[in-house]
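> Okay, here's the prediction I keep looking at, along with the sequence it came from:
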Amino acid sequence: MNESTSTAAVIGGSVTGLAVATGLNNIEDFTQVTVYERQEYDEKRVDCGEAINDTTLIPLEKTPKNGFVNDIDGFQLHVYESTDRRLEADPLATSDLRCDPGYICERDTVERRWADRLASSSVEFRTGRSVSPAEYAEIVETYDYVIDASGQPSLTLKSKGKTEEYTGDMIALNATVEGDFSVYVNRPRIFFEGYVGYAWSFPKSEHHANVGIGWAGEQRPDDYFNALKSAAERNGFPIPEREQVNIATIPKGPSLDPGTVYFPEGNVFLVGDAAGIANRYQGEGICQGIRSADLLTGLIAGGNESAYPQELYKLMKSEYRLAHLMRGAWVEHEDPELLAAVTEALDGLTIDEITRQPAVVIRHILNRPMTAAKLISDTGMIRRLYDSYTDSWEYAVARGS
Ligand SMILES: Cc1cc2nc3c(=O)[nH]c(=O)nc-3n(C[C@H](O)[C@H](O)[C@H](O)COP(=O)(O)OP(=O)(O)OC[C@H]3O[C@@H](n4cnc5c(N)ncnc54)[C@H](O)[C@@H]3O)c2cc1C
């Protein structure tokens, strides 16, 4: 930090913004931390599967009262040939992934309780109104630090007219439904069914669940709600009411040039979805957002915040690579049998390993030489390997470098 006392504005008070406020509030030299959130926490509605895979990152006790309603063992992946099948059809493969620190949450409650805690320890909240571009300029002028946690596309890039700099997104729908989830309450299900994306059923209890579907590729259905309805029918979860369904986009990391997450002239930093860092394979973004917040506030505490773009990239690099390769296992081959073999090879691993530890995943796949050979016997897959290990992401191609 450059000054002996500092002020900070955090724009966006969702998981990432709350993690930033927590980190800054712990730095003695900050005399004022203000969170601007356009929604009210009592009425907040989030577009999310509500799976928080590493809840140890959140400084709340893991109780139902704090929104941590289902302490899961892990997830079960189901791989099917296609969407054209009967309800009772057997999957080509299933695979159990462990996730000890994971919960299916009531995310609204988690955020409300987290905000309450911060408010009672001197963080100021200004809620219920969207920060406009004009107010944004004033905020940048007023505060020593501005942390943009406003999601994708960020208010910063909107204000600069640069939202086209995000180079990729996924689209997803979700809703909470009532039903009988007792059979798999501790092991939420993810269904791969022959398109680029997946459907999910994440029980919050034996009687209700967050369900949804998302697509990451160019091929998306014409009618999203009907696609969710069909996914519910064939995967055996209740069909949500249309008015209960949320729809939103997720950036697929790294969807933004790492250099674009820091604007030194206004001391503005982008974190979480605003920085375009959600996982490009499975769309997870909560832990990624919190990790970016922890990284940034740690750097600010050490007076080294200008290193944030490089450090964020370093933190996320393995995850970007692995997600790009995992996506390729389907996209480059479109072979359900191969995807089934890869899925089986991952059985027993943790979510952290299949998300952030390429060496572990590669070792497990190499244990099945036929599967490994088939996977890389494709120019698209080799291209992906080359691109991900030379950091050739879409944003570089988009700007022509
Ligand atoms: C359908 C769906 C399912 C998903 N499921 C999961 C999942 O199960 N697990 C997981 O880890 N990730 C999941 N994700 C991704 C995850 O939701 C995001 O990556 C995560 O919410 C990012 O958090 P964030 O705090 O960075 O941004 P956001 O959650 O987008 O929060 C941004 C905040 O900023 C506020 N804001 C925006 N503009 C302004 C403004 N101008 N003024 C004031 N406030 C403003 C918003 O109200 C919001 O509260 C899912 C995404 C979708 C769409």
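Everything's here; your move.

> contacts, neighbours, all on C-alpha from now
OK.

> Thr7 belongs to a helix, doesn't it?
No: checked against DSSP: H, G, I helix; E, B strand; the rest coil, Thr7 lies outside a helix; its state is strand.

> Tell me who's in contact with the closest residue to it other than its chain neighbours.
Leaving aside its chain neighbours, Thr7 sits nearest to Gln32 (4.7 Å; criterion: C-alpha to C-alpha, 6 or more residues apart in numbering). The contact partners of Gln32, by C-alpha atoms under 8 Å, 6 or more residues apart in numbering, come to 6-8, 123-124.

> From Tyr386, how far out is Gln32?
According to C-alpha to C-alpha, to the nearest Å, Gln32 stands 46 Å off from Tyr386.

> what about Ser292, distance to Asn53?
Distance from Ser292 to Asn53, counting by C-alpha to C-alpha: 15 Å.

> Neighbour count: the two, which is higher?
Ser292 (26 against 22; other C-alpha atoms under 10 Å).

> Please look at the more buried one and Phe269 and confirm they touch.
No: counting by C-alpha atoms under 8 Å, Ser292 does not reach Phe269; the two are 10.4 Å apart.

> Any idea how many residues pack against Ser82?
12.

> need the contact list for it.
Contacts of Ser82 by C-alpha under 8 Å, 6+ apart are 193-195, 336.

> residue ranges of the strands in the stretch 1-150 of the chain, please?
With DSSP state E, counting those that start in this stretch as the criterion, the stretch 1-150 of the chain has strands at 6-11, 30-37, 51-52, 70-71, 74-79, 93-98, 103-104, 124-127, 145-148.

> Buried residues, the second one. List them.
What that stands for is strand 30-37. If you call a residue buried by 16 or more other C-alpha atoms under 10 Å, then strand 30-37 has these buried ones: 30, 32-37.

> For the stretch 251-400 of the chain, which segments count as helices?
Assigned by DSSP state H, counting those that start in this stretch, the helices in the stretch 251-400 of the chain fall at 286-301, 308-331, 336-345, 351-356, 358-366, 369-376, 379-389, 394-398.

> Pick out the residue of the stretch 251-400 of the chain closest to the ligand.
Gly285 (3.0 Å; C-alpha to the nearest ligand atom).

> quick one: that residue and Ile300, what's the gap?
Gly285 is 22 Å from Ile300, by C-alpha to C-alpha.

> So for the two, which sits in the more crowded spot?
Gly285 (26 against 20).

> thinking that one is in contact with Gly272, fair?
Yes: counting by C-alpha under 8 Å, Gly285 touches Gly272, with 7.1 Å between them.

> okay, and the common contacts of these two?
With C-alpha under 8 Å, 6+ apart, Gly285 and Gly272 have common neighbours Ala278.

> Show me the helices in the stretch 101-250 of the chain, by range?
Going by DSSP H, counting those that start in this stretch, the stretch 101-250 of the chain shows helices at 107-119, 133-142, 155-159, 224-235.

> nearest to the ligand, of those helices?
It's helix 155-159; of the helices of the stretch 101-250 of the chain, that one is closest to the ligand (C-alpha to the nearest ligand atom) at 5.7 Å.

> what comes up buried for the closest one?
155-157.

> List the beta-bridge partners for Val79.
Beta-bridge partners for Val79, by DSSP bridges, are Ala93, Phe192.

> From Glu344, how far out is it?
When Val79 is compared with Glu344 (using C-alpha to C-alpha), they lie 10 Å apart.

> if I look at the two, which residues touch both of them?
93-94.

> check contacts around Val123.
21, 25, 32-35.

> Low-confidence ranges, the protein, go.
Scanning the chain for pLDDT under 70 picks out 1-3, 252-253, 397-401.

> Got the domain ranges for it?
6-311, 317-398 (automatic domain parsing).

> so which of the ones you listed is the most packed in?
Most buried of the domains of the chain by mean neighbour count (mean count of other C-alpha atoms under 10 Å) is domain 6-311; its value is a mean of 20.

> so where's the longest strand in the protein?
For the chain, the longest strand by residue count, based on DSSP state E, is strand 169-178.

> and it, anywhere near the ligand?
Yes: using C-alpha under 6 Å from any ligand atom, strand 169-178 reaches the ligand at 172-174.

> ok, that strand: who's next to it in the sheet?
Assessed with DSSP bridges, strand 169-178 is paired to strand 208-215 (antiparallel), strand 246-251 (antiparallel).

> from the chain's centre, how far out does that strand sit?
What separates the centre of strand 169-178 from the centre of its chain is 13 Å, taken as C-alpha atoms, centre = their mean, to the nearest Å.
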